[in-house]
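>>> Need a 3D model of the sequence below.
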Amino acid sequence: FILVDLRRTDFEGGTIPGSLNLPAQSLYPTIPTLYSVLSQTPVRTVVWCCGSSRGRGTRAAGWFADYLAVQNNTMIRSLVLEGGIKGWATSGKEYTSWMDEYDITVWNK
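Numbers count the residues shown, from 1 in each chain. Model (predicted):
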């Protein structure tokens with residue numbers, strides 16, 4: 001799988017290692033290129049996230065799922081990280097220990 005972090009200016013507080021940062025503001029026109037690259041790899045699941053995954057994450061997952069359908073690609077799945085980065089960062093030490101540049105003060109606001 002690949003995790004795509006859609007945050008741009010709200011990128012503080014930490015990241016999940018290995019995630020790909022593609023800000024939502026510029027994502028839509030790059031979907032064909034992203035698909036082209038991913039379809040040449042063993043990646044079969046794309047997980048989208050933003051701060052809460054209730055806006056950008058959900059939209060991006062839908063856009064990519066729509067593109068997969070147009071391509072008749074049933075091998076790649078487009079999913080949303082429930083709760084987004086905030087959900088991950090506030091779920092306890094077993095999750096935050098996996099984060100790069102984790103800053104507890106960002107998540108305790």
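
>>> Which parts of this protein are helices?
Taking DSSP state H as the test, the helices found in the chain are 31-38, 56-70, 84-89, 93-96, 104-107.

>>> Among those, which comes closest to Gly14?
helix 84-89 (6.3 Å; Cβ to Cβ). C-betas here are computed from N, CA, C, even on glycine.

>>> could you say what helices and strands the closest one packs with?
Packed against helix 84-89 by the contact rule (3 or more Cβ pairs under 8 Å, 6 or more residues apart in numbering; DSSP states H and E) you find strand 45-49, helix 93-96, helix 104-107.

>>> can you give me the mean pLDDT across the first one?
It refers to strand 45-49. Along strand 45-49, the predicted local confidence has a mean pLDDT of 98.

>>> Tell me the gap between that strand and the middle of its chain.
The gap between where strand 45-49 is centred and where its chain is centred comes out at 5 Å by Cα atoms, centre = their mean, to the nearest Å.

>>> what does the second one give?
For helix 93-96, the gap between its own C-alpha mean and the chain's C-alpha mean amounts to 18 Å (Cα atoms, centre = their mean).

>>> go on, stretch 68-85?
Taking Cα atoms, centre = their mean, one finds stretch 68-85 lying 11 Å from the centre of the chain it belongs to.

>>> pull the CA atoms of that stretch into PDB?
Output of stretch 68-85 as PDB, limited to C-alpha atoms (Å, rounded to 0.1, in the frame of the first residue of the first chain):
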ATOM      1  CA  LEU A  68      -9.800   3.600 -11.500                       C
ATOM      2  CA  ALA A  69     -13.300   2.800 -12.600                       C
ATOM      3  CA  VAL A  70     -12.800   4.700 -15.900                       C
ATOM      4  CA  GLN A  71      -9.600   2.700 -16.400                       C
ATOM      5  CA  ASN A  72     -11.400  -0.500 -15.600                       C
ATOM      6  CA  ASN A  73      -8.900  -1.200 -13.000                       C
ATOM      7  CA  THR A  74     -10.200  -3.500 -10.300                       C
ATOM      8  CA  MET A  75      -6.700  -4.300  -8.900                       C
ATOM      9  CA  ILE A  76      -6.000  -1.100  -7.100                       C
ATOM     10  CA  ARG A  77      -8.200   0.100  -4.200                       C
ATOM     11  CA  SER A  78      -8.700   3.700  -3.000                       C
ATOM     12  CA  LEU A  79      -9.300   4.000   0.700                       C
ATOM     13  CA  VAL A  80      -9.400   6.700   3.400                       C
ATOM     14  CA  LEU A  81      -7.500   6.700   6.600                       C
ATOM     15  CA  GLU A  82     -10.300   6.900   9.200                       C
ATOM     16  CA  GLY A  83      -9.800   9.900  11.500                       C
ATOM     17  CA  GLY A  84      -6.900  11.200   9.400                       C
ATOM     18  CA  ILE A  85      -3.600  12.200  10.800                       C
END
